[in-house]
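Q: have a look at this fold, sequence not included:
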């Protein structure tokens, strides 16, 4: 299914709901179950786009994750744009199931999945939810 440039597999809404409910049940582990892997695996399950091979099992530490991200861009936002080969959009153009980026108080970028008015971000303490309009970028994918 392709609507307005957004490609989804049949039943994607139920798959997304399952990914969200299951995300906090697994222990956070860099390189295995972190924000980048969570988003890549979610996109692979709900859309025809599979970017997991770019990141999964490529690093085991935060420093290693930054090295892998650095192969694709100077920032996480730039790296995501280069990996998915699309330009980021203003968050007001969000759609459920699309990847989003937020910048925290210290200036670090984090990737999550848009759920509508809120977006889900996986961290060491499980999932957190942020207003999608507080994100700095979204990709329609």
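A: Received, thanks. Computed from a prediction, not measured in an experiment: that's the story for all the values here.

Q: quick one: residue 122 is in a strand?
A: Yes - counting by DSSP: H, G, I helix; E, B strand; the rest coil, residue 122 is located in a strand.

Q: and it, what does it touch?
A: Residue 122 sits next to 23, 28, 33, 34, 35, 38, 112 when contact means Cβ atoms under 8 Å, 6 or more residues apart in numbering. Where you see a C-beta, it was placed from the backbone N, CA and C, and this is true even at glycine.

Q: just those residues: which are in strands?
A: Applying DSSP state E to the contacts of residue 122, the entries found in strands are residue 112.

Q: next step: the contacts of residue 122 restricted to helices.
A: 23, 35, 38 (DSSP state H).

Q: burial measure for residue 80, as a count.
A: The burial count assigned to residue 80 is 26, neighbours taken as other Cβ atoms under 10 Å.

Q: ok, the most centrally placed residue in the chain - contacts?
A: Centroid-nearest residue in the chain: residue 39, 3.4 Å away (criterion: Cα atoms, centre = their mean). Contacts here follow Cβ under 8 Å, 6+ apart; on that basis residue 39 touches 99, 111, 112, 113.

Q: grab the two from these that are most spread out in space.
A: Using Cβ to Cβ, the two most remote members of the contacts of residue 39 are 111 and 113, lying 8.4 Å apart.

Q: which neighbours do these two have in common?
A: Joint contacts of residue 111 and residue 113 (Cβ under 8 Å, 6+ apart) are 39, 99, 100.

Q: closest to residue 90 among those?
A: The closest of the shared contacts of residue 111 and residue 113, once distances to residue 90 are taken by Cβ to Cβ, is residue 100, at 11.1 Å.

Q: who are the packing partners of the host helix or strand of that closest one?
A: For residue 100, the element it lies in under DSSP states H and E is strand 99-103. Under the contact criterion of 3 or more Cβ pairs under 8 Å, 6 or more residues apart in numbering; DSSP states H and E, strand 99-103 touches helix 76-84, strand 109-114, strand 118-123, strand 137-138.

Q: that one pairs with which strands, and in what direction?
A: Its sheet considered, strand 99-103 pairs with strand 109-114 (antiparallel), strand 137-138 (antiparallel) by DSSP bridges.
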